[in-house]
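Q: I'd like to go over a predicted model; first the sequence, then the structure.
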Amino acid sequence: IAPGYSAVIPRPMDLGEIGHRISEGGYDVYPQLFCADVLLMCCNALVYNPIGHGIPGLALVLAKQMLTLMEGSLREWNAANERVAATRVRDDVYLQRCRSIISQL
């Protein structure tokens, strides 16, 4: 871990952990958790790295692409699982909040 990272980032997430969760089936039931983990990783990169560094720009591009890709997938998944009606509402609010945060960066 980079110097001072733990002091700045309370919930670390990286591609290694995401890969581990994929291999363990951690996203099979709730694919929106994959989106949340990727966005968390991107937000952490934006918070930790200085503006002039190349990482924040790449994190922003990845976050925007993830939101675009997952938006349709989450709607399809929710439509196929009527028992998660409350989650569907939370997902829509979550996506709106994520889009709002990303658009302000």
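A: Alright, I've got the coordinates.

Q: could you list every helix and strand in contact with the longest helix along the chain?
A: Ranked by residue count and defined by DSSP state H, the top helix of the chain is helix 54-80. Applying 3 or more CB pairs under 8 Å, 6 or more residues apart in numbering; DSSP states H and E, one finds that helix 54-80 contacts helix 32-48, helix 85-104. The way it works is simple: take the backbone N, C-alpha and C, and place the C-beta from them, glycine included.

Q: mind telling me which of those helices the model trusts least?
A: For the helices and strands packed on helix 54-80, the weakest mean pLDDT is recorded on helix 85-104, namely a mean of 65.

Q: how much space between the residue most central in space within the chain and Pro56?
A: When CA atoms, centre = their mean is applied to the chain, the residue found nearest the centroid is Leu39 (2.1 Å). With the distance defined as CB to CB, to the nearest Å, Leu39 ends up 14 Å from Pro56.

Q: please apply the same query to Glu71.
A: Between Glu71 and Pro56 the distance, using CB to CB, works out to 23 Å.

Q: got it, and Phe34?
A: Distance of Phe34 to Pro56, computed by CB to CB: 22 Å.

Q: likewise Val8?
A: Summarising the geometry, the distance separating Val8 from Pro56, computed by CB to CB, is 14 Å.

Q: same question for Glu24.
A: Distance of Glu24 to Pro56, computed by CB to CB: 30 Å.

Q: more neighbours, those two?
A: Under the neighbour definition other CB atoms under 10 Å, Glu24 and Pro56 were set side by side, and Pro56 has more, 18 against 9.

Q: name the nearest residue to Cys35, sequence neighbours excluded.
A: Distances taken as CB to CB, 6 or more residues apart in numbering place Met70 nearest to Cys35, at 4.2 Å, with adjacent residues excluded.

Q: residues contacting the one you found?
A: For Met70, the set of contacting residues under the criterion of CB atoms under 8 Å, 6 or more residues apart in numbering consists of 31-32, 34-35, 95.

Q: for Ser73, same thing?
A: Applying CB under 8 Å, 6+ apart, one finds that Ser73 lies in contact with Pro31.

Q: mind pulling up the pLDDT for it?
A: Predicted confidence (pLDDT) at Ser73: the value is 72.

Q: many thanks, have a good one.
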